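**Q** need a 3D model of the following:
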Amino acid sequence: MNNLIKLALPILNSEITKKDIDSNTGFYGAYFDDKNRPWLTNHMFLLYDLSSTSVEQNRTFYKFKNLANLHSIKYITINNKTYKEFIFTSNSTVNKLSEGIALLTNEQRLQILKFWNFTDKWINYDFLGEKNLLFPEEVRLLESIPEEDYIKENYE
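**A** Next up is the predicted model:
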């Protein structure tokens, strides 16, 4: 997972937890960009594999449906595999992170540390020691959601 995404996930919505992006939920990835819907700027996309279901996945999906900044839900097919895409409206801090600018308050830094249970070495040692960081090289490396096999309008 990209370092900017690691910083953005805890700030996207305080109700999202590390359990929500666990392999037990079918979490595939988080993105700042969806090349299939480029007009959705200022959004963050969480993609979940639907090939297997679990109680954890159902709990996460139910929780996400009730989050205030959920913009929409879309089913997409990539390489003949179906995914559920949760599209969240992002806040100004997440938008800055998507541009490679990390200006975080002490509260946000603590929120990030707690989200990752103080276990992510990059966040603990490399990032949080600095007050204001720019990550232009990280922005170049950001991935977009892969292109869909076909596009069918099926929003929830």
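
**Q** three-state assignment of the residue lying closest to residue 64 once chain neighbours are set aside?
**A** Closest residue to residue 64 in three dimensions, ignoring its sequence neighbours and counting by CB to CB, 6 or more residues apart in numbering: residue 86, at 5.2 Å. No exception for glycine: its C-beta is placed from N, CA and C like everyone else's. Secondary structure, DSSP: H, G, I helix; E, B strand; the rest coil: residue 86 is strand.

**Q** check what pLDDT residue 86 gets.
**A** Listed pLDDT for residue 86 reads 97.

**Q** show me what contacts it?
**A** Going by CB atoms under 8 Å, 6 or more residues apart in numbering, residue 86 touches 45-48, 64, 70, 73.

**Q** ramachandran coordinates for the most centrally placed residue in the chain?
**A** The residue lying closest to the centre of the chain (CA atoms, centre = their mean) is residue 30, at 3.5 Å. Residue 30 adopts backbone torsions of phi -120, psi 140, taken as degrees, to the nearest 10.

**Q** residue 60 is in contact with residue 15, correct?
**A** No - in this structure, residue 15 is not within contact of residue 60 by CB atoms under 8 Å, at 10.6 Å.

**Q** which of the two has more neighbours?
**A** Per other CB atoms under 10 Å, whichever of residue 15 and residue 60 has more neighbours is residue 60, with 24 against 12.

**Q** would you say the more buried one is within a strand?
**A** No - assigned with three-state DSSP, residue 60 falls outside any strand and is helix.

**Q** now for it: which residues touch it?
**A** Applying CB under 8 Å, 6+ apart, the residues near residue 60 are 19-20, 25, 48.

**Q** about what we covered before: any idea how far the residue nearest to residue 64 is from residue 103?
**A** Separation of residue 86 from residue 103 (CB to CB, to the nearest Å): 26 Å.

**Q** now swap in residue 84 and tell me
**A** 32 Å.

**Q** coming back round to it: ChimeraX command for the buried members of the contacts of residue 86?
**A** Remark: buried members of the contacts of residue 86, expressed as a ChimeraX selection using 16 or more other CB atoms under 10 Å:
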select :45,46,47,48,64,70,73
